[in-house]
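**Q** Provided below are the primary sequence and the corresponding predicted coordinates.
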Amino acid sequence: MINHLETLIEQCRSKYHLQLLFPSNPFILDFQCEDQRYTISLSNKECKIVEDPMAHDPQFVIQGNEDMIACLLEGEELLSRMVENNQLDIKGGYRQLLFIESVLWLTRPVVKETVEI
């Protein structure tokens, strides 16, 4: 799971156009899977994995099993679709959902497929 989050953070840092989406104050996102809790902080100044999740109150929470969260972070499925299909649970407002959905979609790994002519 931590590898997926590190990839997400790396993508957030490397894609300039995402910096325009990020707020100036850190947006705290929590991933809760089974008995583990992972927290990331997103802002236009810094994107990072939070070392002490208990020190921050999350603005948005995604709950589910590790496989479903990994599927989301790998870009295989949309967050809103996974929520509709009861694969993941969320806590937070609609604006936060749209923000996180956008960030996850824009940071997904792009698989280049060969095209035969």
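**A** Happy to help now that I have it.
**Q** Spatially central residue in the protein, please.
**A** The residue lying closest to the centre of the chain (Cα atoms, centre = their mean) is L104, at 5.0 Å.
**Q** Let me know the helix or strand that that one is in.
**A** Secondary structure assignment for L104, by DSSP states H and E: helix 94-106.
**Q** could you give me the average pLDDT of stretch 98-109?
**A** Here stretch 98-109 scores 91 as its mean pLDDT.
**Q** quick one: contacts of it?
**A** Here stretch 98-109 makes contact (Cβ atoms under 8 Å, 6 or more residues apart in numbering) with 7-8, 11-12, 15, 17-18, 21, 27, 29, 42, 60, 62, 72-75, 78-80, 92. Quick note: C-beta positions are derived from backbone N, CA and C, even for glycine.
**Q** Tell me the gap between it and the middle of its chain.
**A** Chain-centre distance of stretch 98-109: 7 Å, with Cα atoms, centre = their mean, to the nearest Å.
**Q** Would you mark the buried spots in it?
**A** 99-101, 103-104, 107-108 (16 or more other Cβ atoms under 10 Å).
**Q** Equivalent analysis for stretch 75-90, please.
**A** 75, 77, 79, 82-83, 87-88, 90.
**Q** thinking in terms of the whole chain, how far from its middle is stretch 93-102?
**A** 10 Å.
**Q** got the CA positions of it in PDB?
**A** Output of stretch 93-102 as PDB, limited to C-alpha atoms (Å, rounded to 0.1, in the frame of the first residue of the first chain):
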ATOM      1  CA  GLY A  93     -18.300  16.400   1.200                       C
ATOM      2  CA  TYR A  94     -19.100  16.400  -2.500                       C
ATOM      3  CA  ARG A  95     -16.500  19.000  -3.400                       C
ATOM      4  CA  GLN A  96     -13.800  17.000  -1.600                       C
ATOM      5  CA  LEU A  97     -14.900  13.900  -3.500                       C
ATOM      6  CA  LEU A  98     -14.600  15.800  -6.800                       C
ATOM      7  CA  PHE A  99     -11.200  17.100  -5.900                       C
ATOM      8  CA  ILE A 100      -9.800  13.700  -4.800                       C
ATOM      9  CA  GLU A 101     -11.400  12.000  -7.900                       C
ATOM     10  CA  SER A 102      -9.600  14.500 -10.100                       C
END
